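Visitor: I would like the atomic coordinates for the input below:
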Amino acid sequence: MHEFTVWAPDASKVSVKVAGRLHAMEGPDERGWWKASVAEAGAGSDYGFLRDDDAAVYPDPRSMWQPNGVHAASRVYDNTAFEWHDERWIAPALDSAIQYEMHVGTFTAGGTFDSAIERLDYLSGLGVTHIELMPVAAFAGDRGWGYDGVDLYAVAEHYGGPDGLKRLVDACHVRGLAVVLDVVYNHFGPVGAYVGKFGPYLTNRHRTPWGDAVNLEGPWSDEVRRFFIDNALMWMRDFHIDGLRLDAVHGFVDRSAIHFMEQLSSEVEALGATLGRRLVLIAESDLNDPRVVRPREVGGYGMDAQWSDDFHHALFTLLHREDIGYYVDFGSVRQLAKSLTEVFVYDGKYSKFRRRRHGRPVEGLSAHQFVGFIQNHDQVGNRVQGDRLERIVGMDCAKVAAGIELTAPFVPLIFQGEEFAASTPFLYFADHDDPEMAKAVSAGRKKEFAAFGFAAREIPEPAARETFERCRLNWTEVGEGNHKEMLQWYRALIHLRRGSVSLNNGDLGRVKVRFDEQKRWLVMDRDGVQVLVNLGKQDANFEVPEGFRVALVSREGVDRDAAKIVLPPNTLAVLSSELE
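Guide: Take a look at the predicted model:
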């Protein structure tokens, strides 16, 4: 016996098809729900829904298993069958986290959850505490970044399906690694999104970069909000996920008295209390609005942290000048200093890129409520050749960037392969399973990059399997040359950070930065740790404060003694008074 339910508020009749037989459903109730109990159905039964006079059979919008892809029948999944081994698991605090962003399909040659398990000991040994998985919800085709998910409750079968994800999470917890899952609640993918056949999940009252906005405030929006919040709770409750990273929350259009993020954070907090586990929510937002992470009690949305793009942009443009897109707003040492001490460079200032004032000051918040990075899937993958930082700026500058990233007051995030200067690119790739959509995506990419002077032949074809295959990490290079050198540098930085009281203090008032714009040097003081940076063209001389010793230097052969240190161009040093 299994009870099937589906939300279809505007339908006049709905049926569920199980094992070739149609079963009429009762409904709708006052909330728009239909239901039917089928005696012969149970775990493993394939099914789909029909509505009104449409002869097509559609998958369940809340399907947890799509074994044959997003266009095929749903399958009943038994959540209780998996045997977990993490009964006493408590995730490390986000305050002390070292996050590692992983795309399952390119992280290993196998491209599955099970093959990723083979690399978990490496990540644990590196000092990683939290693995952030790029989206794994089912999407059309067999390869993509994951941001075109259409069956948000189902796990992509080519990665290993729902049991595969549970095996990965269980294996992570056994090794002391927390798992954060990237979820997309601001749009559905363009191919295979059948939710619109059932109800008003989207509304044309608002537009986003992906088309119609999610219906968070209009008629029937209570059930739409319930769809996404129940999805979030499912990942944490049934898959033991420790936190979610919400993609592009600036795509939410919600003028309700209780904002969607506020409702979500409240229910996640209640679930965490019920389960006795530490659960976190991390938002990606380009609003530069501290309300995203302010507590609900003082008018905020209650997210635990948000990504800090200004830190990335300020640091990247010092290493490599680009006057395109949002980079036109950055490029000075002063801006990097401001990002380190005040988080948002644009906190109410006029933005040339946006042609308006942007942002609001961060006041009274911990730096641990912001995630800092120098590489991530967007910043690498949205470049025409998907080139990584070391390829763009060279080894010396890339090591300086890592040093700043891992001594900055924010929670650091490392993008897969960054830690060993991977030679493989991370390109935009998508198998939309629809020839016309593939053509449209390809044409759009070429038009976009043509505006920056790139010829069509220079732009990798997103739908080509070769584009995807080029992005798989090459693990044989980890122990070779520059790759080995970079990995040793990251390990040393992470070890220093995790063992330092000063580097784990999120009080922005205790971060002091001084700099010289013309000579391009910067000094960041964090109580018992001092970070020296020279990005100028000449050597820079620094005094070593009394009681401090040199803990790390980004290159060999640096002139130093007990009283002073001379940094060549593109060099970073970390001094510490905490060393025994």
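Visitor: for the rest of this, base every contact and every neighbour count on C-alpha atoms.
Guide: OK.
Visitor: so what are the sheet partners of the helix or strand hosting H23 and their directions?
Guide: Element membership for H23 (DSSP states H and E) is strand 21-24. Strand 21-24 sits in its sheet next to strand 14-18 (antiparallel), going by DSSP bridges.
Visitor: now stretch 250-263 - C-alpha only, PDB.
Guide: Provided in PDB are the C-alpha atoms of stretch 250-263 (Å, rounded to 0.1, in the frame of the first residue of the first chain):
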ATOM      1  CA  HIS A 250      18.800  38.000  -5.000                       C
ATOM      2  CA  GLY A 251      16.600  36.100  -7.500                       C
ATOM      3  CA  PHE A 252      13.900  35.800  -4.800                       C
ATOM      4  CA  VAL A 253      11.100  38.300  -5.300                       C
ATOM      5  CA  ASP A 254       9.200  38.300  -2.000                       C
ATOM      6  CA  ARG A 255       7.400  41.200  -0.400                       C
ATOM      7  CA  SER A 256       5.500  39.000   2.100                       C
ATOM      8  CA  ALA A 257       5.400  40.000   5.800                       C
ATOM      9  CA  ILE A 258       7.600  37.000   6.500                       C
ATOM     10  CA  HIS A 259      10.300  36.700   3.800                       C
ATOM     11  CA  PHE A 260      10.900  33.200   2.400                       C
ATOM     12  CA  MET A 261      14.500  33.100   3.800                       C
ATOM     13  CA  GLU A 262      13.200  34.100   7.200                       C
ATOM     14  CA  GLN A 263      10.600  31.300   7.100                       C
END
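Visitor: contacts for that stretch?
Guide: When contacts are defined by Cα atoms under 8 Å, 6 or more residues apart in numbering, stretch 250-263 is touched by residues 186, 206, 208-209, 213-214, 216-217, 225, 284-287, 296, 300-303.
Visitor: now which of those would you call buried?
Guide: 186, 213-214, 216-217, 225, 284-287, 296, 300-303 (16 or more other Cα atoms under 10 Å).
Visitor: where do the helices sit along the stretch 251-400 of the chain?
Guide: 260-275, 309-319, 333-342, 377-381, 389-393, 395-407 (DSSP state H, counting those that start in this stretch).
Visitor: and R514, which of those is closest to it?
Guide: Among those, helix 333-342 comes nearest to R514, with 7.4 Å by Cα to Cα.
Visitor: would you list the helices of the stretch 251-400 of the chain in CSV and tack on mean pLDDT and mean neighbour count?
Guide: Shown next, in CSV, are these (pLDDT from 0 to 100; neighbours: other Cα atoms under 10 Å):
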stretch, mean pLDDT, mean neighbour count
helix 260-275, 98, 17
helix 309-319, 98, 23
helix 333-342, 98, 22
helix 377-381, 95, 18
helix 389-393, 97, 17
helix 395-407, 98, 24
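Visitor: need these in a markdown table (columns: distance to A97).
Guide: Output for the helices of the stretch 251-400 of the chain, formatted as a markdown table (distance: least, Cα to Cα, whole Å):
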| stretch | distance to A97 |
| --- | --- |
| helix 260-275 | 19 |
| helix 309-319 | 18 |
| helix 333-342 | 18 |
| helix 377-381 | 19 |
| helix 389-393 | 22 |
| helix 395-407 | 11 |
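Visitor: one step back: the buried ones among the contacts of stretch 250-263: which two are farthest apart?
Guide: Every pair of the buried ones among the contacts of stretch 250-263 checked by Cα to Cα; the farthest is A213 and R296, at 24.3 Å.
Visitor: how about R560: what's its closest non-neighbour residue?
Guide: Of all residues not flanking R560 in the chain, V566 sits nearest, at 6.2 Å (Cα to Cα, 6 or more residues apart in numbering).
Visitor: and the contacts of the strand or helix carrying the one you found?
Guide: Using DSSP H and E, V566 falls within strand 564-567. With contact meaning Cα under 8 Å, 6+ apart, strand 564-567 is reached by V533, N534, D539, A540, N541, F542, E543, V544, V558, D559, R560, A573.
Visitor: ok, now with 7 Å
Guide: Identification of contacts with strand 564-567 by Cα atoms under 7 Å, 6 or more residues apart in numbering yields N534, D539, A540, N541, F542, E543, V544, V558, D559, R560.
Visitor: run a quick neighbour tally on the second one.
Guide: I take that to be D539. Neighbours of D539 under the rule other Cα atoms under 10 Å: 16.
Visitor: quick revisit: please pick the buried ones from the contacts of strand 564-567.
Guide: N534, D539, A540, N541, F542, V544.
Visitor: not counting sequence-adjacent ones, nearest residue to the fourth one?
Guide: What that stands for is N541. Using Cα to Cα, 6+ apart, the closest residue to N541 is V566 (4.5 Å).
Visitor: how many other residues sit next to the one you found?
Guide: Residues lying near V566 (other Cα under 10 Å) number 17.
Visitor: so what sits opposite it in the bridge?
Guide: Going by DSSP bridges, V566 forms beta bridges with N541, D559.
Visitor: least confident secondary structure element in the protein?
Guide: Sorting the helices and strands of the chain by mean pLDDT, DSSP states H and E puts helix 435-450 at the bottom, at a mean of 78.
Visitor: where exactly do the strands run in the stretch 51-200 of the chain?
Guide: 74-75, 99-102, 130-133, 137-139, 149-155, 178-183 (DSSP state E, counting those that start in this stretch).
Visitor: just the stretch 451-580 of the chain next, same as before
Guide: 512-516, 521-526, 529-534, 540-543, 549-553, 559-560, 564-567, 571-576.
Visitor: so who does the residue nearest to V529 when sequence neighbours are not counted touch?
Guide: Of all residues not flanking V529 in the chain, S576 sits nearest, at 4.4 Å (Cα to Cα, 6+ apart). By Cα under 7 Å, 6+ apart, the contact list for S576 reads G528, V529, Q530, F548, R549, V550, A551.
Visitor: quick one: the spatially closest residue to the third one that is not a sequence neighbour from M486, how far?
Guide: Counting by Cα to Cα, 6+ apart, L575 is the residue found nearest to Q530 once chain neighbours are left out, at 5.0 Å. The span separating L575 from M486 equals 20 Å under the rule Cα to Cα, to the nearest Å.
Visitor: about what we covered before: between the buried ones among the contacts of stretch 250-263, which is closest to V501?
Guide: M303 (24.9 Å).
Visitor: surely the closest one meets L264?
Guide: No: using Cα atoms under 7 Å, M303 is not in contact with L264, being 8.9 Å away.
Visitor: mutual contacts of these two, please.
Guide: Joint contacts of M303 and L264 (Cα under 7 Å, 6+ apart) do not exist.
Visitor: state the distance from G160 to S115.
Guide: Distance from G160 to S115, by Cα to Cα: 10 Å.
Visitor: do S96 as well
Guide: Taking Cα to Cα, one finds S96 at 27 Å from S115.
Visitor: could you do R383 as well?
Guide: Going from R383 to S115 by Cα to Cα gives 28 Å.
Visitor: got it, and P545?
Guide: Taken as Cα to Cα, the span from P545 to S115 is 48 Å.
Visitor: what about the two, which has more around it?
Guide: Between P545 and S115, counting by other Cα under 10 Å, S115 is the more crowded of the two (18 against 14).
Visitor: give the contact list for that one.
Guide: T108.
Visitor: one more time with 8 Å, if that's ok
Guide: With contact set as Cα under 8 Å, 6+ apart, S115 has these partners: T108, A109.
Visitor: then G325?
Guide: Contacts of G325 by Cα under 8 Å, 6+ apart are F353.
Visitor: the stretch 1-150 of the chain: helices as residue ranges?
Guide: Under DSSP H, counting those that start in this stretch, the stretch 1-150 of the chain gives helices at 104-107, 113-117, 120-126.
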